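*Asks:* sequence and computational prediction follow.
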Amino acid sequence: MVRRSSIKRGRYQQHLSRNGDAHAYQGAICWALLLGGGAYRLGVQMKRVAGPVSLPLLIVAIGLVAGGIIFFRHHEKELEERAERAIPGPLVGAP
């Protein structure tokens with residue numbers, strides 16, 4: 001328990017400020033360990049999940065790209081007409 005006389009003399013405040021730096025460093029170390037450890041664990045879990053999921057995701061991505069290419073080639077004239085109706089005339093600075 002802190003005595004009133006020591007508070008009046010400023011001894012208690014000096015005690016806090018002297019150990020305040022140490023507490024700040026301890027807090028910073030705890031935060032760094034918690035966040036770093038959490039990021040490490042998340043990375044481990046992502047690697048564990050990414051192994052079986054990566055091949056199906058690659059297949060889906062290739063399929064979506066191929067589907068997009070086919071769609072845009074099939075609807076190219078319609079898309080050009082819609083764009084011309086939306087912004088008529090030549091574009092400034094276009095080659």
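*Replies:* Nice, I can see it. Numbers count the residues shown, from 1 in each chain.

*Asks:* contacts and neighbour counts: CA atoms only from here.
*Replies:* Fine.

*Asks:* so how far is whatever helix or strand residue 64 lives in from its chain's centroid?
*Replies:* Assigned by DSSP states H and E, residue 64 belongs to helix 11-74. Distance, stretch centre to chain centre, for helix 11-74: 8 Å (C-alpha atoms, centre = their mean, to the nearest Å).

*Asks:* what about the protein, any weak spots by pLDDT?
*Replies:* Within the chain, the ranges that satisfy pLDDT under 70 run 1-20, 94-95.

*Asks:* can you do 80?
*Replies:* Within the chain, the stretches with pLDDT under 80 are 1-24, 91-95.

*Asks:* in it, which residue is closest to the centre?
*Replies:* The structure's the chain has its C-alpha centroid closest to residue 39; by C-alpha atoms, centre = their mean the separation is 11.7 Å.

*Asks:* residues contacting it?
*Replies:* With contacts taken as C-alpha atoms under 8 Å, 6 or more residues apart in numbering, residue 39 has no neighbouring residues.

*Asks:* ok, it to residue 31 distance?
*Replies:* 12 Å (C-alpha to C-alpha, to the nearest Å).
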